[in-house]
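Undergrad: mind folding the following:
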Amino acid sequence: MLTVENLVVNYGAINAIKGISIRVPEKSIVTLIGANGAGKTTTLRAISNVVKSAEGSRITYDGKDITDLAPHKVVERGLCQVPEGRLIFANLTVKENLEMGAYLRKDKNNFQKDQDFIFNIFPRLKERIKQPGGTLSGGEQQMLAISRALMSKPKMLLLDEPSLGIAPILVKTIFEKIVEINRSLGVTILLVEQNAHLALNTASYGYVLETGKIILEGPAKDLASNPEIRKAYLGET
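TA: The predicted structure follows:
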């Protein structure tokens, strides 16, 4: 579904991403874990072409090269990002946020059906359909950010730190729903998450990013049992 080859991202003289390669098979959940500042968000932004990658980088999605595609064209192809910090439209209602997610869709007739699906997995949003997004709790805003992305009818989601700033009880709910979205809709997911324990329990395969380089990869269960990973990212000694 997604292949990233030799991805390099520079911010001026700073080499933020140093030639990494990632593969995300169709209908899978793959995670990219690492400490704060490792380059996880930059990687997702480069895949979405919000940040430009350096010459020699190659990003292939759904069998086509998207390395130089405009960000909105990437979304049109079915690759949608849920950004870190949620970035919902705070002054718009829940319903209006969902409508914005469907803006690029050509099959507007199915809007109600897809909205009903979202309200089925996130019933809190239905209860707050007329509320401005900015009045929702952090967890509810994350639900809305994921739902807004789903309204674009994506084949693949890039999820950037979905647990950030959310109460633990809602984090559990959101990750359960991420798995449900993957299984029921067949949506492929690349999950960036600082909570390594949560990420490795959710994904089937993982990559460990450290200062812009992939230092380890493998099945998520193997990474979760790796002593170095347990010490560095799971807080065990």
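
Undergrad: could you pull out the strands for the protein?
TA: Using DSSP state E, the strands found in the chain span residues 2-11, 14-24, 29-33, 58-61, 64-65, 79-82, 156-160, 188-193, 205-210, 213-219.

Undergrad: same list, those strands, but as CSV with mean pLDDT please.
TA: Shown next, in CSV, are the strands of the chain (pLDDT from 0 to 100):
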stretch, mean pLDDT
strand 2-11, 96
strand 14-24, 95
strand 29-33, 96
strand 58-61, 96
strand 64-65, 95
strand 79-82, 94
strand 156-160, 96
strand 188-193, 96
strand 205-210, 95
strand 213-219, 95
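
Undergrad: can I get these in CSV including distance to Pro132?
TA: Backbone N, C-alpha and C define where each C-beta goes, glycine included. Shown next, in CSV, are the strands of the chain (distance: least, CB to CB, whole Å):
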stretch, distance to Pro132
strand 2-11, 34
strand 14-24, 35
strand 29-33, 32
strand 58-61, 34
strand 64-65, 38
strand 79-82, 19
strand 156-160, 23
strand 188-193, 28
strand 205-210, 36
strand 213-219, 41
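
Undergrad: mean neighbour count added to the ones you listed, as TSV?
TA: Below are these laid out as TSV (neighbours: other CB atoms under 10 Å):
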stretch	mean neighbour count
strand 2-11	18
strand 14-24	18
strand 29-33	26
strand 58-61	18
strand 64-65	10
strand 79-82	26
strand 156-160	25
strand 188-193	25
strand 205-210	22
strand 213-219	16
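
Undergrad: for those, which one sits closest to Phe117?
TA: strand 156-160 (14.6 Å; CB to CB).

Undergrad: ok, residues contacting the helix or strand of the chain with the lowest mean pLDDT?
TA: Every helix and strand in the chain was compared by mean pLDDT, DSSP states H and E; the lowest is helix 227-233, with a mean of 80. For helix 227-233, the surrounding residues in contact (CB atoms under 8 Å, 6 or more residues apart in numbering) are Ile33, Gly34, Ala35, Ala196, His197, Val208, Leu216, Leu223, Ala224, Glu236, Thr237.

Undergrad: neighbour-wise, give me the winner out of the residues you listed.
TA: For the contacts of helix 227-233, counting by other CB atoms under 10 Å, the largest number of neighbours falls to Ile33: 28 neighbours.

Undergrad: for that one, name its beta-bridge partners.
TA: Note on Ile33: beta-bridge partners Glu193, Val208, judged by DSSP bridges.

Undergrad: list the contacts for it?
TA: For Ile33, the contact set (CB under 8 Å, 6+ apart) comprises 40, 192-194, 196, 199-200, 206-209, 223, 233.
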